[in-house]
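>>> Sharing a sequence plus its predicted fold:
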Amino acid sequence: MAAAEGIAMNGTQPVSGLLTGRLSALMFMQFFVWGAWNVTLGLVMQTVGLGSLIANAFSVGPIASIVGSFLLGMAAARFLSPKMLMVVLHLVGGVLLFLLPTLLTPEHGASFVWLLLGYMILYMPTVGLANTIALKSFGERVDRFPFVRAFGTLGWIVAGLIIGWAGLSASPQIFQVAGVVSLALGLYSITLPNVQPDAPQGKSLVAEVFCTEAFGLMRNRSFLIFILCATLISIPLAMYYAYASPYVGAVGIENVGGTLAIGQMSELVFMFSMPFLYRRFGVKPLLLVGMIAWALRYALFAIGDGGAGIWAIYLGVALHGVCYDFFFVAGAIYTGTIATPKGVNAQAQGMLTLFTYGVGMLLGSQIGGLLYAQLPEGATVADWHQLWWYPAIAAAVIALLFQLTFKNPRQETHA
């Protein structure tokens, strides 16, 4: 590994601007690909007559988080170069993205969901691989990572704005836009720093893949409550990702992709404040505010409309920064503080992903599908309002349970 590439970094060596720029471009494209199709997929499926399959389509991501990220991402990355995995997964994934629009018809709806599952099993490991490449390239200068990761959020925002401005929010062409960038990222990945696979830790691969040591962290009562609440709050969260776009379209907003990108803009604003807020207030107030924000967001959706109440929809979307950063970013920091002393940070973060993006969002996608199925054909805004009260009440109850049972680590005695 050449020092000129900035791979062998330590705390005394500066991080080159070229390396930071290369990794920022990686993050930008990585999340552009996902954001280009994920945000308005529900609207697209409703438009082409596949509304009844929205729940299944948004269940493939959680399944892929479990299958792809753990079995492929954690196992294969021990034996293959992370950048070469990025090359293969994004090139093959790009081809699948171009095939997906051909199946977006009522006759081939089930085949579309299966192919989307295959694509997501390839894509989900690349999220962790991109993080791995960036973190290993920076060495001990991990303080540079939040800046680089912010370009991922920026990529998601730009994808939504392009889809919205091009009038593609309800078009199957969203997959072709994502496919072009996926192929470009696959080729670009050839030039990425050649970081090495993880070194074996002396434990069986099966034990590491299934995070056996991380599960032991749940002997800590507060951490167990956090994991349970994180799983539960991910259930109503899944409904936002699946049904926000058809709802925003139903109220008469045409630029659906651009409107939902407001949420990522607010996420970008709050992301950089997380380390300071965590040090200032501790984990419990941040997690609680995040949960309350989810309840408030759904309540706003339940009262908003395309007329005088349109402000409630825009405000509900803009709350995404509080909803996501105050809970998931703060939660990741909290998980690190619990896991790092035990030397199982990577396992613990993977376990958190398993329970939130895996178990919680899988349940949420299916429960959301049952609620969506109750909407009448040609549902009005009033019909949608009834749907949003369910996740609003659920998030409020989870926040109350968290407040009553979770003990702030600042109140605990540490050895």
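It's in. Numbering: from 1, shown residues only.

>>> lowest-confidence helix or strand of the chain?
Using mean pLDDT, DSSP states H and E, the weakest-scoring helix or strand in the chain turns out to be helix 205-209, at a mean of 58.

>>> could you check the distance from residue 260 over to residue 67?
Relative to residue 67, residue 260 is positioned 27 Å away (Cβ to Cβ, to the nearest Å). Every residue, glycine included, has its C-beta placed from N, CA and C.

>>> Just want to know which of the two has more residues nearby.
Legend: neighbour count by other Cβ atoms under 10 Å for residue 260 and residue 67, higher for residue 260 (28 against 18).

>>> Wait, that one touches residue 39, no?
Yes - counting by Cβ atoms under 8 Å, residue 260 touches residue 39, with 5.1 Å between them.

>>> so who does the residue sitting nearest the centre point of the chain touch?
In the chain, the residue lying closest to the centroid (Cα atoms, centre = their mean) is residue 357, at 7.3 Å. With contact set as Cβ atoms under 8 Å, 6 or more residues apart in numbering, residue 357 has these partners: 61-62, 65, 234.

>>> let's see 6 Å
62, 65 (Cβ atoms under 6 Å, 6 or more residues apart in numbering).

>>> Angles on the backbone of it, please.
With angles defined as degrees, to the nearest 10, residue 357 sits at phi -70, psi -20.

>>> confidence score at it?
At residue 357, the pLDDT value in this model is 81.

>>> got it, and residue 8?
For residue 8, the model assigns a pLDDT of 40.

>>> Identify the contacts common to residue 260 and residue 39.
Common contacts of residue 260 and residue 39, defined by Cβ under 6 Å, 6+ apart, comprise residue 160.

>>> Could you list the low-pLDDT ranges of the stretch 301-415 of the chain?
340, 343-347, 349-350, 409-415 (pLDDT under 70).

>>> try it again with 50
Scanning the stretch 301-415 of the chain for pLDDT under 50 picks out 411-415.

>>> got the residue ranges for the helices in it?
Remark: helices assigned in the stretch 301-415 of the chain by DSSP state H, counting those that start in this stretch are 310-318, 320-324, 330-339, 345-353, 361-373, 381-405.

>>> what's the longest one packed up against?
Under the contact criterion of 3 or more Cβ pairs under 6 Å, 6 or more residues apart in numbering; DSSP states H and E, the helices and strands touching helix 381-405 comprise helix 221-250, helix 283-303.

>>> rerun at 10 Å
Judged by 3 or more Cβ pairs under 10 Å, 6 or more residues apart in numbering; DSSP states H and E, the packing partners of helix 381-405 are helix 221-250, helix 283-303, helix 361-373.

>>> Figure out which of those helices is closest to residue 56.
With Cβ to Cβ, the closest approach to residue 56 among the helices and strands packed on helix 381-405 belongs to helix 361-373: 7.1 Å.

>>> Just the C-alphas of that closest one, formatted as PDB.
Taking C-alpha atoms only, helix 361-373 is exported to PDB below (Å, rounded to 0.1, in the frame of the first residue of the first chain):
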ATOM      1  CA  MET A 361     -38.700  -2.500   9.000                       C
ATOM      2  CA  LEU A 362     -39.700  -6.000   7.700                       C
ATOM      3  CA  LEU A 363     -42.500  -6.000  10.200                       C
ATOM      4  CA  GLY A 364     -43.400  -2.400   9.400                       C
ATOM      5  CA  SER A 365     -43.500  -3.000   5.700                       C
ATOM      6  CA  GLN A 366     -45.900  -5.900   6.100                       C
ATOM      7  CA  ILE A 367     -48.100  -4.200   8.800                       C
ATOM      8  CA  GLY A 368     -48.200  -1.100   6.500                       C
ATOM      9  CA  GLY A 369     -49.300  -3.300   3.700                       C
ATOM     10  CA  LEU A 370     -52.200  -4.500   5.700                       C
ATOM     11  CA  LEU A 371     -53.200  -0.900   6.500                       C
ATOM     12  CA  TYR A 372     -52.800   0.200   2.900                       C
ATOM     13  CA  ALA A 373     -55.000  -2.600   1.800                       C
END
